[in-house]
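Colleague: next comes the sequence, and after it the predicted model I'd like to discuss.
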Amino acid sequence: MKLSGSSPPTRYRSTGQTAVEFALASFVLFMVMFGIIKFGMAVYTYNTVSHTARECVRYAVVHGPGSVNSQSAATIQQRFKYAYIPGGAPLTVTVTFPQDPNFATLQDAQCSISYNYYLQVPFLPSKTLTLTSTERMILSQ
């Protein structure tokens with residue numbers, strides 16, 4: 001017998017509870033998932049910047065001062081300014097030829113490359129990460 005004013009059975013009262021719990025849990029899950037993806041892309045971009053610095057210093061060793069096809073530091077910087085980064089964003093490239101402290105007659109080639117990576121995770125403030133890599137090798141004679 002049903003009394004007037006009594007509450008409905010328990011199985012009918014929790015119909016929206018599952019949807020609310022899923023909405024809260026999925027928000028956290030998607031935030032973590034997008035964060036992992038974006039940080040993975042940042043690590044990939046850093047790896048690309050590091051690889052570009054290695055290629056730049058190898059190129060500077062072969063084409064540095066005293067070589068047959070000698071090029072200036074500005075020419076080498078221009079060559080690697082738009083290299084390898086997805087989207088073609090410009091890199092900050094610095095090429096120098098410092099004296100090697102261990103050997104009085106040898107010079108080194110040094111390339112420093114930096115890139116501003118914009119980290120954007122949904123619902124979080126954007127951050128700019130400066131990814132920098134420096135490589136140094138002895139000039140071939």
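Modeller: Everything's here; your move. Predicted model, so just to flag it, every value in this text is computed and none were measured. Residues are numbered from 1 along each chain as shown.

Colleague: where do the strands sit along the protein?
Modeller: Assigned by DSSP state E, the chain shows strands spanning 92-96, 108-119, 127-138.

Colleague: partner strands of the last one, with direction?
Modeller: This means strand 127-138. Applying DSSP bridges to the sheet, strand 127-138 is found paired with strand 108-119 (antiparallel).

Colleague: model confidence over the strand it pairs with, on average?
Modeller: Strand 108-119 comes out with an average pLDDT of 89.

Colleague: which of the residues in it are buried?
Modeller: 108-113, 115, 117, 119 (16 or more other C-beta atoms under 10 Å). In this view, the C-beta of every residue, glycine as well, is placed from N, C-alpha and C.

Colleague: one more: stretch 49-60?
Modeller: Neighbour-count burial for stretch 49-60 [16+ other C-beta under 10 Å]: 49-50, 52-53, 55-57, 59-60.

Colleague: closest one to residue 74 out of those, please.
Modeller: Distance to residue 74, by C-beta to C-beta, is smallest for residue 60 among the buried residues of stretch 49-60, at 11.8 Å.

Colleague: how near is that closest one to residue 115?
Modeller: For residue 60, the distance to residue 115 equals 18 Å [C-beta to C-beta, to the nearest Å].

Colleague: swap in residue 37?
Modeller: Separation of residue 37 from residue 115 (C-beta to C-beta): 19 Å.

Colleague: can you list the low-confidence ranges for this structure?
Modeller: Applying pLDDT under 70 to the chain flags residues 1-15, 68, 84, 86-88, 140-141.

Colleague: longest helix anywhere in it?
Modeller: Taking DSSP state H as the criterion, the chain has its longest helix at helix 17-63.

Colleague: about what we covered before: can I get the strands of the chain in a markdown table with distance to residue 71?
Modeller: Shown next, in a markdown table, are the strands of the chain (distance: least, C-beta to C-beta, whole Å):
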| stretch | distance to residue 71 |
| --- | --- |
| strand 92-96 | 10 |
| strand 108-119 | 11 |
| strand 127-138 | 16 |
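
Colleague: who's in contact with residue 127?
Modeller: By C-beta atoms under 8 Å, 6 or more residues apart in numbering, residue 127 lies in contact with 118-119.

Colleague: that concludes my questions; thank you for your assistance.
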